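**Student:** Based on what follows, work out the 3D shape:
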Amino acid sequence: MNKTQLRTAYKARREQLSSETIEELSLQIANQALKLPIWEEMYYHIFLPIESHKEVNTEYIMHILQGKDKSIVVSKSEFETGELKHYLLQENTVIKLSKYNIPEPVDGIEVPAEKLDVIFVPLLAYDEKGNRIGYGKGFYDRFLAACKPETLFVGLSLFPPEKNIPSEKTDVPLHYCITPEKVISF
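**Tutor:** Alright, predicted model coming up:
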């Protein structure tokens, strides 16, 4: 399958899942995340899930990060430039849905990509080599490419990997992917 076919197939697979199933699988993913050797870092970037797209609920991982007193960073999509801006998540951070239904911070303390240690990456599908497919706009590939070389990229997936996904020079592979059943290292 090509990328377009994979996107369509995985959107349809997600659509079959109930909200209760998503919550259950998201909690299992958070529990699996505890097995990763990433918890000594300080700055963690996490995506806020688009509920209408039935993405992994990252609230459980955020609770782990808060319990470990880590700095949590969330993004705002700048569709005019194709870039993400990153903001420190604080108690007073106002989160609003964008016109694309993406929960985003209104503003706050901006954090440069080079400062981030671990990034939890949204995806539709991924393969056994750590290649991933997102929604096709390239926001995350540009973002990940701007990070320091030692930053860890951790995908979160409700499903097991594909054998192989077509990749391009601009695609940035993952270091890990967490599923409800296990942690996969690439």
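**Student:** Kindly provide the distance from the residue most central in space within the chain to residue 128.
**Tutor:** Geometric centre of the chain, nearest residue: residue 121, 2.3 Å, by Cα atoms, centre = their mean. For residue 121, the distance to residue 128 (Cβ to Cβ, to the nearest Å) stands at 16 Å. C-betas here are computed from N, CA, C, even on glycine.
**Student:** can you check residue 62 too?
**Tutor:** From residue 62 across to residue 128, the span is 28 Å (Cβ to Cβ).
**Student:** Tell me where this protein has helices.
**Tutor:** 3-15, 19-33, 59-67, 139-145 (DSSP state H).
**Student:** Roughly how far does residue 53 sit from residue 108?
**Tutor:** 24 Å.
**Student:** now do residue 87
**Tutor:** In terms of Cβ to Cβ, residue 87 sits 4 Å off from residue 108.
**Student:** what's the overlap in contacts for the two?
**Tutor:** Listed contacts common to residue 87 and residue 108 are residue 93; contacts here mean Cβ atoms under 8 Å, 6 or more residues apart in numbering.
**Student:** Can you list the strands that the lengthiest strand in the chain pairs with?
**Tutor:** The longest strand of the chain (DSSP state E) is strand 71-78. Taking DSSP bridges as the criterion, strand 71-78 sits next to strand 43-45 (parallel), strand 83-88 (antiparallel) in its sheet.
**Student:** can you list the helices of the chain in a markdown table and add mean pLDDT and mean neighbour count?
**Tutor:** Below are those laid out as a markdown table (pLDDT from 0 to 100; neighbours: other Cβ atoms under 10 Å):
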| stretch | mean pLDDT | mean neighbour count |
| --- | --- | --- |
| helix 3-15 | 95 | 14 |
| helix 19-33 | 98 | 17 |
| helix 59-67 | 97 | 15 |
| helix 139-145 | 94 | 18 |
